[in-house]
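K.L.:
Build the 3D model from these lines:
(chains A, B and C)
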Amino acid sequence: MSSETSLPSSREAAIHCAGLDVFYGQGTARHHAVKRASFHVCKGESFGIVGGSGSGKSTILRVLAGLDGDWQGDVSVLGHRRLASTAPQRDYRLKVQMIFQDPFGSLHPRHTIDHCLTEAMRCHGFDRIEPRVVSALDRVGLGRSFRFRFPHQLSGGQRQRVAIARALVLEPEVLLLDEPTSALDASIQAEVLNLLLEVRRDLGTTFLFVSHDLGVIAHMCDRVAVMRQGEVVETLAAARITAGEVAHPYTRELLANCYAAQPVESAEAA
Amino acid sequence: MAELLIEDLTVTYPTATGPVDVVKSLSLHMGAERIGIVGESGSGKSMTARAVLGLVRSPGKTTARHMVYDGIDLTRQDSAGWRGIRGRRIGMVLQDPKFSLNPVLRIGKQIAEAGLLHGVFKSGQARARVLEMLETVGVDQPGRVYDAYPHQLSGGIGQRVMIAAMMIAEPGLLIADEPTSALDVMVRGQVLEMMDREIRKRGMGLLMISHDLKMVAHFCDRVLVMYRGQVLESCAAKDLFQSQHPYTRGLLNCLPTGQNPGQALPTIDRKLIQETAAHHVQ
Amino acid sequence: MMLLRREWWLSEAPASAFQARCGRWYRVGLRTARSPAMVFGMVILALMVLSAVFAPWLAPSDPNAQDITQRLLPPGAAHWLGTDQLGRDLLSRVIYGTQPTLLIVSLVAVLSAPAGLLLGMCAGYFGGWIEAVLMRITDIFMAFPRLVLALALVAVLGPGIVNAVIAIAITAWPPYARIARTETRTVKGSDFIQAARVQGLPTSRILFGHLLPICLPSTVIRVTLDMAGIILTAAGLGFLGLGAQPPMSEWGAMISTGRQYIFDQWWVAAVPGVAILLGSLAFNLVGDGLRDVLDPKNG
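P.N.:
As a prediction, the model looks like this:
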C-alpha cells in the first residue's frame, strides 16, 4: 500500500485526489486505466508521478486537465471539487495549464508562434496582450525574432519553450507536465528543466510532473508517487529515491533499471 | 572472426546553402566486440549506420577510403550484392518495431521469410526454427506470437521479434539503431540482457547507436562520441566516466540524477564545442 | 521598397504576422513554379478565366450572329475554327462558352465544398450520435447517381443553368464531408488540439481556427480535381439539353448539335470537345500539383 509522508497541515491543498478510477473504451473493451489512485499535492509543491507505460500516469494528468471524461472519484483542485459530468469552466482553465510530451505535435503547424501565444489571451479577454507576449518569450529565453515564425522552423527544444510560454501566459497556479523533456536531447533537456525550475522559483507554481525517468523526477520534484498498471504503489519523498531507501519492490526494480538515476561516479563499478 | 574496417567515411548532402557533411571522416575498426556510437540528434550517428549498409539515398553521397566487412568492399556493391549482405552478413535493428515489421503479414511468416531468403533453412524446417528463435529471444508464448500480427504485440515483444528476425539469418555483425529507446525502462533491461546473451553466444559484433550515454557505457566495450558528424572522442567504455573531453563531460554532467535536486543543471556550451571540434580536425 | 526584395519574402525571422503570411505564400508560389505540369494547367485556367471575363473584346464576332450562307465552313482565314450549322463563328462560341462552364463549376464548388467540409468537421469532432446521423445523411446523398438525380430535378424544376448547378451540387458535397470527417478524426487526438482545449478555447474557435486549416488543403485539392468531372457532368447535361439553354454557347450543347455533322464537318463537334478536354485537363493538372504544393510537411 502507499506510504504517505506526513504533510504540513498548514499548507493549502492544490490538488487532492482520493479513489480516482479512470476508464477507457466502451462495453467489453472497457479498460480500467487508473485504479483507486489517491494523492495530495500542496500549493507550490512539485509532485512527481513515475511509472512505466500503461501505468496510468498520463491518464491522471488528462483527467485533471479536463480532457477525459470517463472517471469517478473524489477530485478537487485549488479547493473546488471537480465533477466528471461537467466540463471544466473558464476560470479552471486559467488556473490549470498543461505541457505536452511531443514538442512536434503540441503546436499547430499553421499558426505562428505569436498566434499561438495570443489566441487564448484574446479569447479570455486579457488586456495588454502585446507586452505579455514579449515578456513570455523573454522569460523562456526565446528572442523577438521567433515571434512570427512557424513551428517547423523551430527545433524541438525551442518548440517546448514555446509550449511553456503558452502555458504560462495565462498565469496558471497549477502546471501539469506530461513528460515534457522525454523527446529532447540530453543537453536540451537540461536547458528546459532549468527553465522549469526557474519558472517555479519565480512564480511559485504548483507542478504535477509525470515522467518515466527517475533521474528527472528525483531532480525536479519534492515528493513522488510511483505507479504501476493503474495503481499507486508508493508515495515518498524524492530524496529517499536518490538515497535508495525505497519500500516497495516495484520501486526498487525501477531504480535498478534506471541508469540515469545512478550518479556518474558509481556507474563504473558495473 | 569477421571484422569491420571503416576509414574516412564521409556522407554528404546537398543543401540550399552548399553541401553539408553529415558524417565527417569517421574511422572505425571492430571485430566481435561491442561498439557504441553516442551523440545527440544531428550528430550523424544514424547516418553512419545507414552508410555501412548502403542505405544512404540520393541526393546523399557516401564516400570512404576503405569500408570493408569480412573482406567484402562495402563501397562497391550493387543491389544484388547488397541483397546478400543485408540481413545475411550484417543485420540491422531499428528503433520502433511498428515501423520495421510489415503490418499485414503474420510474425511467423515474416521471420521465416528472412531465414528462407538467406538460405539458412528450408521451408520444411521454417516453423520449428522460427519458434526456437522466438523462445531464444525470450518471447513467452512463441506459438501465439507466431500467428499474431505486429499491431497485436507490445513494444517489448515487438522488439524481441525484430531481433529474432535479424538473428535468424545468422549475421556476423548487428547494427542496432536506438533499439531500446521506444521501450519501457523495465523492458529495456530485459531486452538488453537478452541481446547481451545472444551476441556473446554467437560471437557477433554489435554496433549500437544511441543517445543514452550511460546505457551505452554499461553495455558496450568501446564508445565513440559524435557531434555534428565528427567523432570527438573514442575510448573504452569503462574510461568514459573519467573522460576529460568537454563535450563528453558536458553530456554526462547535464543528466539529472537527483543528487542536486532543484539546482540548475550544467548545460553544454556549443560554441566551445564547435571550436574544440574544429581544432580536432586540424 | 522592402516588398520587392527577395530576402524579405524568404526571411527566416519575420517581423510581423503579415510578413510571415507573405513568406508562406511566396514559398508556395516557388514550389508551384517548379512543377511544369502545374504551370501549364494554371496557364490554361488563366486563359479560360480571361476568356470568360474579356469575351466581348476577345471574340472576333458575335457568337449568336447567324449567317446561313457561311454555314459549316472549315477552319480558315475568316473563321479560325470554322462555323457551325447556323453559320455562327465557332471561335467566338468557344470563347463565350467559358462563361457558362466556369459559372457552373464555381457555383458548384462554392455551394458544395463549404457545406461538405462543415458537415464532415462537425461529424468528426463531436463523434457519437451526431457523427452517426451526419454520416448516414452523407451516405444517402452519396447513393444518388449524379446524372439520374439531375434528370429528376430538371424534370421537376425545368431545364436551365441554375437548376443544373443545384442538381450537381447536391450530389457533389458527400466526398468532401467524408474527407473532412476522416481528417478531423485523425487530428482530433493530436496534442495541439488537446492544448487548445486545455487553454479553454471555445469549440467554434477550435473548429474554424484549428481544424479547418488542417482539413482545407485536402478539400481544395479534391475540389480542384472534381472540377474536371463537374465540367464533364455539366457538358453531359448540356448534351442532353438539360443545362444551359440555346442560344447560350455551352460546350456540351455544342457537341450535341454537332453530332449530326460529325463525319463531314467534324470541327463542329470537335472544337467544343477539345475545349472541354483542355478545361478538364487544366483542373486535373492543377489539382495534382496542389497536392505537393500544399503538403503540410512543407509548412
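
K.L.:
Contacts only, for whichever residue of chain B sits closest to chain A.
P.N.:
Residue nearest to chain A within chain B (C-beta to the nearest C-beta): B:Gly258, separated by 2.6 Å. To be clear about C-beta, it is placed using only N, CA and C from the backbone, and glycine gets the same treatment. The contact partners of B:Gly258, taken as C-beta atoms under 8 Å, 6 or more residues apart in numbering or on different chains, are A:Leu214, A:Gly215, A:Ile217, A:Ala218, A:His219, A:Ala238, A:Ala239, A:Ile241, A:Thr242, A:Ala261.

K.L.:
what about A:Ala33, is that helix, strand or coil?
P.N.:
A:Ala33 falls in the strand class when you classify it by DSSP: H, G, I helix; E, B strand; the rest coil.

K.L.:
In space, what's closest to B:Ile72 - neighbours in sequence excluded?
P.N.:
For B:Ile72, ignoring the flanking residues on the chain, the nearest one in space by C-beta to C-beta, 6 or more residues apart in numbering or on different chains is B:Ile85 at 6.5 Å.

K.L.:
what residue ranges in the stretch 151-299 of chain C are flagged as low confidence?
P.N.:
C:295-299 (pLDDT under 70).

K.L.:
Buried residues of stretch A:32-42, list them for me.
P.N.:
Of the residues in stretch A:32-42, A:Ala33, A:Val34, A:Ala37, A:Ser38, A:Phe39, A:His40, A:Val41, A:Cys42 count as buried by neighbour count, 16 or more other C-beta atoms under 10 Å in any protein chain shown.

K.L.:
and if you look at stretch C:183-203?
P.N.:
For stretch C:183-203, by 16+ other C-beta under 10 Å, it's C:183-185, C:187-188, C:190-201.

K.L.:
can you list contacts of that stretch?
P.N.:
With contacts defined as C-beta under 8 Å, 6+ apart, stretch C:183-203 is touched by A:65-67, A:88, A:90, A:92-94, A:96-98, A:100-102, A:105-109, A:119-120, A:123-124, A:163, A:166, A:170, C:120-121, C:123-125, C:127, C:205-206, C:209-211, C:214-215, C:218.

K.L.:
just stretch C:56-65 next, same as before
P.N.:
With contact meaning C-beta under 8 Å, 6+ apart, stretch C:56-65 is reached by C:50-51, C:80, C:87-89, C:91-93, C:95-96, C:247, C:249.

K.L.:
Assign a three-state SS to the residue nearest the centre of chain A, would you?
P.N.:
By C-alpha atoms, centre = their mean, the mean C-alpha position of chain A lies nearest to A:Leu177, the distance being 1.8 Å. Here A:Leu177 is strand, with the state taken from three-state DSSP.

K.L.:
Any idea how many residues pack against whichever residue of chain C sits closest to chain B?
P.N.:
With C-beta to the nearest C-beta, the shortest gap between chain C and chain B falls at C:Leu10, namely 10.1 Å. Using other C-beta atoms under 10 Å in any protein chain shown, C:Leu10 has 12 other residues around it.

K.L.:
Can you show me the strands along chain A?
P.N.:
A:13-24, A:31-42, A:46-51, A:71-77, A:80-82, A:96-99, A:174-178, A:206-211, A:223-228, A:231-237 (DSSP state E).

K.L.:
So which of the ones you listed is nearest chain C?
P.N.:
Across these, closest to chain C is strand A:96-99 (C-beta to the nearest C-beta), at 4.7 Å.

K.L.:
Could you see whether chain C lies near the closest one?
P.N.:
Yes. For strand A:96-99 and chain C, the contact criterion (C-beta under 8 Å from any C-beta of the partner chain) is met by A:Val96, A:Gln97, A:Met98.

K.L.:
pLDDT on that strand, on average?
P.N.:
In this model, strand A:96-99 has a mean pLDDT of 94.

K.L.:
Pull up the pairing partners for it, direction included.
P.N.:
Sheet pairing for strand A:96-99, assigned by DSSP bridges, gives strand A:174-178 (parallel).

K.L.:
before we move on, the earlier item: tell me the one of the buried residues of stretch A:32-42 nearest B:Asp177?
P.N.:
Distance to B:Asp177 across these (C-beta to C-beta) is lowest for A:Ala33, with 31.8 Å.

K.L.:
Now do the SS call for C:Thr134.
P.N.:
Quick fix: residue C:134 is Leu, not Thr. Quick answer, by three-state DSSP: C:Leu134 is helix.

K.L.:
low-confidence ranges in the stretch 101-250 of chain B?
P.N.:
Along the stretch 101-250 of chain B, the model assigns pLDDT under 70 to no residue.

K.L.:
what residues does chain A put near chain C?
P.N.:
A:65-67, A:88, A:90, A:92-94, A:96-98, A:100-102, A:105-112, A:114-115, A:119-120, A:123-124, A:145-146, A:148-150, A:152-153, A:163, A:166, A:170.

K.L.:
Would you mind listing which of those residues are buried?
P.N.:
The buried subset of the residues of chain A next to chain C - by 16+ other C-beta under 10 Å - is A:65-67, A:88, A:92-94, A:96-98, A:100-102, A:105-112, A:114-115, A:119-120, A:123, A:146, A:148-150, A:153, A:163, A:166, A:170.

K.L.:
And the helix or strand hosting C:Val274, what does it pack against?
P.N.:
In this structure, C:Val274 is located in helix C:267-293 according to DSSP states H and E. In terms of contacts (3 or more C-beta pairs under 8 Å, 6 or more residues apart in numbering or on different chains; DSSP states H and E), helix C:267-293 is packed against helix C:17-33, helix C:36-53, helix C:90-126, helix C:212-239, helix C:251-258.

K.L.:
Using a markdown table, lay out those together with distance to A:Gly52.
P.N.:
Output for the helices and strands packed on helix C:267-293, formatted as a markdown table (distance: least, C-beta to C-beta, whole Å):
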| stretch | distance to A:Gly52 |
| --- | --- |
| helix C:17-33 | 41 |
| helix C:36-53 | 50 |
| helix C:90-126 | 32 |
| helix C:212-239 | 33 |
| helix C:251-258 | 66 |
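
K.L.:
Now those helices in a markdown table, please, with extra columns for mean neighbour count and distance to B:Val216.
P.N.:
Converted to a markdown table, those look like this (neighbours: other C-beta atoms under 10 Å in any protein chain shown; distance: least, C-beta to C-beta, whole Å):
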| stretch | mean neighbour count | distance to B:Val216 |
| --- | --- | --- |
| helix C:17-33 | 15 | 40 |
| helix C:36-53 | 16 | 48 |
| helix C:90-126 | 22 | 44 |
| helix C:212-239 | 21 | 39 |
| helix C:251-258 | 23 | 69 |
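
K.L.:
OK, contacts around the residue positioned nearest the centre of chain C?
P.N.:
The centroid of chain C falls nearest to C:Met227 when counting by C-alpha atoms, centre = their mean (3.5 Å). Shown in contact with C:Met227 (C-beta under 8 Å, 6+ apart): C:Val105, C:Ala109, C:Phe283, C:Gly287.

K.L.:
For the stretch 1-150 of chain C, what lies in contact range of chain A?
P.N.:
C:Glu12, C:Ala13, C:Pro14, C:Ala15, C:Ser16, C:Ala17, C:Gln19, C:Ala20, C:Arg24.

K.L.:
so can I have JSON lines of those showing distance to B:Gly18?
P.N.:
JSON lines is the format used below for the residues of the stretch 1-150 of chain C next to chain A (distance: C-beta to C-beta, whole Å):
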{"residue": "C:Glu12", "distance to B:Gly18": "17"}
{"residue": "C:Ala13", "distance to B:Gly18": "21"}
{"residue": "C:Pro14", "distance to B:Gly18": "24"}
{"residue": "C:Ala15", "distance to B:Gly18": "27"}
{"residue": "C:Ser16", "distance to B:Gly18": "30"}
{"residue": "C:Ala17", "distance to B:Gly18": "32"}
{"residue": "C:Gln19", "distance to B:Gly18": "26"}
{"residue": "C:Ala20", "distance to B:Gly18": "26"}
{"residue": "C:Arg24", "distance to B:Gly18": "25"}
